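A.B. asks: Sharing a sequence plus its predicted fold:
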Amino acid sequence: METLEDIKRDIMQCKRCELHKTKTNFVPGSGNERSEVFFVGEAPGKEEDLKGEPFVGNAGKLLTEMISLMGLCREDVFIANVLKCRPPNNRDPLPEEIEACGSYLLRQLEVVKPSVIICLGRYSTRFIFEAFGLNFSSITKLQGKVFEVSAWDKSVKIVALYHPAAILYKPQLRAEYEESFKRLASLVKKRQKSLFDF
């Protein structure tokens with residue numbers, strides 16, 4: 001059976017698109033491989049590229065705060081991006097890069113089999129929605145909404161949220177963002193309870 005280490009090994013040798021030539025480090029993802037909660041970002045930024053870890057810059061600090069509002073810490077969840085290499089100058093991911101790299105994320109999801117997938121930003125939301133047969137409209141319309149799909153022989157909740165970087169650019173969205181994470185706390189608690197509810 002495939003493990004996250006197997007996938008990481010493949011990522012570290014990847015040359016499927018041009019980004020491997022300009023990146024400093026691959027950023028495969030990190031966290032608890034048995035987590036019920038899986039965060040999906042878009043692509044590594046400057047700090048992530050330097051450290052080889054997802055969400056370690058300012059947006060990452062905000063995400064860590066938001067995760068704590070759910071009653072969890074980073075070690076409780078798994079965090080990965082659609083792209084495993086930083087696009088130059090933090091530009092948006094290109095369709096061919098998403099196509100080249102997206103299968104790694106799908107393989108990671110297959111290993112972790114989370115009950116809650118939280119998409120951060122429009123690119124990750126579109127990718128996950130398409131992968132699970134949901135209709136993507138726009139991140140502003142979908143922000144904070146919870147969708148239910150069937151995967152891995154169970155019900156899986158998919159949630160679309162703004163990317164934390166968007167909140168740093170528009171602090172006026174922060175209150176709404178915090179509320180979204182607080183609502184997710186009850187979703188996760190229900191999930192955790194059902195795991196041990198024999």
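C.D. replies: Thanks, I have it. Numbering: from 1, shown residues only.
A.B. asks: Grab the longest strand from the protein for me.
C.D. replies: strand 154-161 (DSSP state E).
A.B. asks: which helices and strands sit right next to that strand?
C.D. replies: Secondary-structure packing of strand 154-161 (3 or more CB pairs under 8 Å, 6 or more residues apart in numbering; DSSP states H and E): strand 116-120, helix 122-131, strand 146-151, helix 174-195. Every residue, glycine included, has its C-beta placed from N, CA and C.
A.B. asks: what is the orientation angle of the helix-or-strand element of the chain with minimal mean pLDDT with strand 154-161?
C.D. replies: When each helix and strand of the chain is scored by mean pLDDT, DSSP states H and E, helix 174-195 comes last, with a mean of 80. Put simply, helix 174-195 runs at 170 degrees to strand 154-161, going by axes from the mean of the first three to the mean of the last three CA atoms, to 10 degrees.
A.B. asks: Output helix 174-195 as CSV, nothing but the C-alphas.
C.D. replies: Output in CSV follows, covering the C-alpha atoms of helix 174-195 (Å, rounded to 0.1, in the frame of the first residue of the first chain):
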residue,chain,number,x,y,z
ARG,A,174,-10.9,38.6,9.1
ALA,A,175,-14.0,38.5,11.3
GLU,A,176,-15.9,36.4,8.7
TYR,A,177,-12.9,34.2,8.3
GLU,A,178,-12.7,33.5,12.0
GLU,A,179,-16.4,32.7,12.1
SER,A,180,-15.9,30.1,9.3
PHE,A,181,-13.1,28.4,11.3
LYS,A,182,-15.2,28.4,14.5
ARG,A,183,-18.1,26.7,12.6
LEU,A,184,-15.6,24.1,11.3
ALA,A,185,-14.7,23.3,14.9
SER,A,186,-18.1,21.7,15.5
LEU,A,187,-17.8,19.8,12.2
VAL,A,188,-14.5,18.3,13.3
LYS,A,189,-15.7,17.6,16.8
LYS,A,190,-18.6,15.6,15.4
ARG,A,191,-16.2,13.7,13.2
GLN,A,192,-13.9,12.9,16.1
LYS,A,193,-16.8,11.8,18.3
SER,A,194,-18.1,9.5,15.6
LEU,A,195,-14.7,7.8,15.2
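A.B. asks: so how far is that helix off the chain centroid?
C.D. replies: 16 Å (CA atoms, centre = their mean, to the nearest Å).
A.B. asks: and the residue nearest to Glu176 when sequence neighbours are not counted, which of the three is it?
C.D. replies: The shortest distance from Glu176 to any residue other than its chain neighbours is 7.3 Å, reached at Gly144 (CB to CB, 6 or more residues apart in numbering). Under DSSP: H, G, I helix; E, B strand; the rest coil, the three-state class of Gly144 is coil.
A.B. asks: from memory Gly144 sits against Arg183, does it?
C.D. replies: Yes - between Gly144 and Arg183 there is a contact at 7.3 Å, judged by CB atoms under 8 Å.
A.B. asks: Let me know the average pLDDT across the longest strand of the chain.
C.D. replies: The average of the pLDDT scores along strand 154-161 is 97.
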